[in-house]
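Engineer: pasting the sequence and the predicted model now:
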Amino acid sequence: MRKKKAARFVKESERKAYLASHLFLSEVLSPYFPQIPSSNWKFEYNAYGKPYLSKEHQVQLYFNLSHSVSHVYIICSKEYGGELNLKWYSYKDLNVRK
């Protein structure tokens, strides 16, 4: 599923960033449940394409992933599903001088 979704990106750099961020996500999740190797995490996707842990894991762990070509941000919690949205602004967008 990840490769299929990554194929939708027009730019190669965006495809690579998408795949790298999702591989990194597996590495970040593993310390919460060391009995699950990072290569065994499975994800499902909601109607908007947002990933969540497959029910087959039978673990309660919430996460939110946001990424760009150069950055990855991940929030993880065993108790609450936080929200993270990444938006880049230039000085011009903010009407601020450098």
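Structural biologist: Great, that's in hand. All values derive from a computational prediction rather than experimental measurement.

Engineer: got the buried residues for stretch 45-64?
Structural biologist: P51, L53, L61, F63, N64 (16 or more other CB atoms under 10 Å). C-betas here are computed from N, CA, C, even on glycine.

Engineer: what about the residue nearest the centre of the chain, which SS state?
Structural biologist: When CA atoms, centre = their mean is applied to the chain, the residue found nearest the centroid is L65 (3.0 Å). The three-state assignment at L65 reads strand, by DSSP: H, G, I helix; E, B strand; the rest coil.

Engineer: with N40 as the reference, measure out to it.
Structural biologist: Applying CB to CB, to the nearest Å, the value for L65 to N40 is 18 Å.

Engineer: K3 now?
Structural biologist: 17 Å.

Engineer: if we can go back for a sec, which one of the buried residues of stretch 45-64 sits closest to K16?
Structural biologist: Ranked by distance to K16 (CB to CB), these are led by P51 at 17.6 Å.

Engineer: dump the residue contacts of the closest one.
Structural biologist: With contacts defined as CB atoms under 8 Å, 6 or more residues apart in numbering, P51 is in contact with H22, L25, F43, E44, Y45, L65.

Engineer: what residues are bridge-paired with it?
Structural biologist: Beta-bridge partners recorded for P51 (DSSP bridges): Y45.

Engineer: any idea how far it lies from S30?
Structural biologist: P51 is 15 Å from S30, by CB to CB.

Engineer: how many neighbours does the closest residue in space to Q60 that isn't next to it in sequence have?
Structural biologist: Nearest-residue entry for Q60: K78, 6.1 Å, with adjacent residues in sequence omitted and distances by CB to CB, 6 or more residues apart in numbering. If you count neighbours by other CB atoms under 10 Å, K78 ends up with 10.
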